[in-house]
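[1] Fold the following and give me the result.
(one chain, ligands or ions: 1)
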Amino acid sequence: MTNKYNSLLKTLKKTEYSLDKSIVNNHCVDWRGNYRGSSEIIFFPKSLTSIQKIVKFCFKKNIPIVPQGGNTGLVGGSVPRFNKGEIIINLCKLNNIREIDIVSNTITVESGCILQNVNDRLEPHNLQMPISLGSKGSCQIGGNIATNAGGLNVIKFGSIRNNILGIEAILPNGEFYDDLKTVKKNNTGFDIKQLLIGSEGTLGIITAATFQIHKKTNDRVVIIICLKSFNHVLNIYQKFISSFGEFITAFELMNEFSMNLAQKLIGSMKLPFTGNYYCLVELTNFIDIENFSNFIYSKFEKLQIDNMQLIVAKSENENKNFWQIREEIPLAEKLLENVIQHDVSLPLNNIENFIFESSKALKKFNPNISIINFGHLGDNNLHFNVCIDDKLNKKNYSNFKKKVNEIIFSFVNKFNGSISAEHGIGQLRKDELKRYKSAEEIKRMKKIKKIFDPKNIMNPGKVI
Ligand SMILES: Cc1cc2nc3c(=O)[nH]c(=O)nc-3n(C[C@H](O)[C@H](O)[C@H](O)COP(=O)(O)OP(=O)(O)OC[C@H]3O[C@@H](n4cnc5c(N)ncnc54)[C@H](O)[C@@H]3O)c2cc1C
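    Residues are numbered from 1 along each chain as shown. Coordinates of the predicted model:
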């Protein structure tokens, strides 16, 4: 087998690849363990030159490539398929921070940097990256860009798309794409980098990017609010936006079932009240108001909100504990069998009807269904996940899943939402993409793919 790659391997350092089955296999399974593929070899290139050599070699020999970052993706995009002759290029060793510019507030980082490590480097400058995810300790910048990751702070800083000034990449034929600009204004025709953002490894390998970075302060107040109905949630959301808009750095939603699940399976902290919905709101003191929590309290008094119980963290320790409740929900969910995940977005005004109608249809289909509903409400983003107590065999589960997906996505479509808010398409949502995106749009996407990747070697079988 080595013969196939010998001429390439001779040009790389020994630490830039592995043929060791256990190492390769570890990189062939996704975070949730839902997608398990196979590969003969994994590359860990340390430089642009090495990536270029590997990609040119693959282009010449028609070998399909799977770009891989931290492998925390949730749609099966980062792992090879089974027996398709795909190789993996993992970017973890391309991990330099090239420049931090504290005048322009920009950072240029290589794609293999772990998000948390970049934030650690920015901390002494009181600066931070625009995004924050539960997977921040493992996910890489290249993966974040390739998935246009959302996360907790989109409500404040916008998405990855809004915060990237420049990108560098290696295209599927091995050509170098250099648009590593650091300027905010750049109206020079089509914006190719925006195509690479969210392309899930199908258009090229992102090697570096320049980001807009933002002021960081640890002076924050986290609040958990308990509410009876979704109608009250929207009322609170609207009042918070109008009273605290500039301070809001996260506005998260959790339903009662998801909170109970985390308490039962992980032992998450219990709150002194119960209700149907909980919101976690983080307010951050960006403008150095003295005694920020007092300032927030004084504003609360004027809000005049009924039907709300709330608890305000009194220390940074409590802030962290409150966040932990939210972050433990996906971890608890991972311990369950048979959870069907949906990462959807909906216009705020339609969310209540979506929850009501789709829950009713799901319960009618099977009364033993429960819904783990949480997400980034401030970004219209719900994780609307379905679990069932019944023991189902493989075939029944597959039919069950198909029907559940059909119900949920038909209501997402009815209420003008998106079938994938932040996780992307990967292998998981390919069929739904075909169903819910117009044929014309799919045709255009395919044409763009062909321009970048005429031989279809870059992450084939993903997205389109
Ligand atoms: C606990 C947990 C919480 C999460 N929370 C969030 C959240 O709040 N918001 C959110 O958006 N996502 C979330 N995710 C999903 C995931 O962390 C993000 O999609 C993340 O951006 C993926 O980064 P990664 O480095 O792990 O990429 P991978 O999983 O390795 O790859 C993801 C995709 O990007 C491609 N890719 C990776 N690196 C490159 C590169 N350098 N060039 C080209 N293509 C590349 C891969 O081929 C694949 O298609 C969460 C995941 C977990 C496990």
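[2] So which residues on the stretch 351-464 of the chain come close to the ligand?
    Counting by Cβ under 6 Å from any ligand atom, the stretch 351-464 of the chain comes close to the ligand at E422, H423, G426, N459, K462. The way it works is simple: take the backbone N, C-alpha and C, and place the C-beta from them, glycine included.
[3] hmm, 8 Å instead?
    H376, E422, H423, G424, G426, N459, K462, V463 (Cβ under 8 Å from any ligand atom).
[4] and if you look at the stretch 151-300 of the chain?
    G151, L152, A169, L196, S199, E200, G201, T202, G204, I205, I206, T207.
[5] what comes up buried for the helix or strand of the chain with the lowest mean pLDDT?
    Here the helix or strand of the chain ranked lowest by mean pLDDT, DSSP states H and E is helix 292-303, holding a mean of 83. Neighbour counts over helix 292-303 (16 or more other Cβ atoms under 10 Å) mark F292, S293, F295, I296 as buried.
[6] Which other helices and strands does that helix contact?
    The contact analysis (3 or more Cβ pairs under 8 Å, 6 or more residues apart in numbering; DSSP states H and E) places helix 292-303 against strand 220-227, helix 230-244, strand 308-312.
[7] Redo the ones you listed as TSV? Include distance to P124, mean neighbour count and mean pLDDT.
    Shown next, in TSV, are these (distance: least, Cβ to Cβ, whole Å; neighbours: other Cβ atoms under 10 Å; pLDDT from 0 to 100):
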stretch	distance to P124	mean neighbour count	mean pLDDT
strand 220-227	18	22	95
helix 230-244	28	17	91
strand 308-312	29	17	88
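[8] Those: which one's closest to N119?
    Checking those against N119 by Cβ to Cβ gives strand 220-227 as the closest, at 14.9 Å.
[9] Show me what the closest one packs onto, helices and strands only.
    Helices and strands touching strand 220-227, as assessed by 3+ Cβ pairs under 8 Å, 6+ apart, comprise helix 230-244, strand 277-284, helix 292-303, strand 308-312, helix 316-334.
[10] Report the closest residue of the stretch 251-400 of the chain relative to the ligand.
    With Cβ to the nearest ligand atom as the measure, P330 is the residue of the stretch 251-400 of the chain nearest to the ligand, at 4.9 Å.
[11] residues in contact with the closest residue to D178 other than its chain neighbours?
    Distance criterion Cβ to Cβ, 6 or more residues apart in numbering; nearest residue to D178, sequence neighbours excluded, is E168 at 5.4 Å. E168 sits next to L48, F176, Y177, D178, D179, L180, I206, T207, A208, A209 when contact means Cβ atoms under 8 Å, 6 or more residues apart in numbering.
[12] Any of these buried? List them.
    L48, Y177, D179, L180, I206, T207, A208, A209.
[13] Which strand or helix spans the last one?
    Same thing as A209. Element membership of A209 [criterion: DSSP states H and E] is strand 205-212.
[14] which helices and strands sit right next to that strand?
    Contacting strand 205-212 under the criterion 3+ Cβ pairs under 8 Å, 6+ apart are the following elements: helix 48-61, strand 65-68, strand 106-110, helix 141-146, strand 164-170.
[15] could you dump stretch 102-110 to CSV, C-alpha only?
    C-alpha atoms of stretch 102-110 as CSV (Å, rounded to 0.1, in the frame of the first residue of the first chain):
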residue,chain,number,x,y,z
ILE,A,102,-4.0,45.7,18.8
VAL,A,103,-4.4,48.9,16.9
SER,A,104,-6.7,47.6,14.3
ASN,A,105,-8.1,44.9,16.6
THR,A,106,-7.3,42.1,14.2
ILE,A,107,-5.7,38.7,14.5
THR,A,108,-4.2,36.5,11.8
VAL,A,109,-4.2,32.8,12.7
GLU,A,110,-3.4,29.5,11.0
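[16] ok, is it in contact with the ligand or not?
    No. Stretch 102-110 lies apart from the ligand when judged by Cβ under 8 Å from any ligand atom; the minimum separation is 9.1 Å.
[17] any idea of the mean pLDDT for that stretch?
    Mean per-residue pLDDT for stretch 102-110: 97.
[18] could you redo the buried residues of helix 292-303 as CSV and give each row distance to N405?
    CSV is the format used below for the buried residues of helix 292-303 (distance: Cβ to Cβ, whole Å):
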residue, distance to N405
F292, 44
S293, 44
F295, 46
I296, 41
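[19] Name the nearest of those residues relative to S242.
    Closest to S242, out of all of the buried residues of helix 292-303 and judged by Cβ to Cβ, is I296, at 14.6 Å.
[20] show me the contacts for the closest one.
    The neighbours of I296, taking Cβ under 8 Å, 6+ apart as the test, are V221, F244, F247, L283, V312.
[21] Can you report how many residues neighbour whichever residue of the stretch 151-300 of the chain sits closest to the ligand?
    Here the stretch 151-300 of the chain gets closest to the ligand at one residue, G201, 2.7 Å apart by Cβ to the nearest ligand atom. Neighbour count for G201, taken as other Cβ atoms under 10 Å: 27.
[22] Could you report the separation of it from S78?
    Using Cβ to Cβ, to the nearest Å, G201 is found at 7 Å from S78.
[23] Need the overlap of contacts for the two.
    In contact with both G201 and S78: V66, P67, Q68, using Cβ under 8 Å, 6+ apart.
[24] The ligand next: which of those residues are close?
    Answer for those near the ligand (Cβ under 8 Å from any ligand atom): V66, P67, Q68.
[25] Please render the residues you listed as JSON lines that adds distance to K53 and pLDDT to the earlier fields.
    Formatted as JSON lines, those follow (distance: Cβ to Cβ, whole Å; pLDDT from 0 to 100):
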{"residue": "V66", "distance to K53": "17", "pLDDT": "98"}
{"residue": "P67", "distance to K53": "15", "pLDDT": "98"}
{"residue": "Q68", "distance to K53": "18", "pLDDT": "98"}
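[26] contacting residues for the residue lying closest to E246 once chain neighbours are set aside?
    Excluding the flanking residues, the one nearest E246 by Cβ to Cβ, 6+ apart is F286, at 7.0 Å. Going by Cβ under 8 Å, 6+ apart, F286 touches K215, T217, E246, F247.
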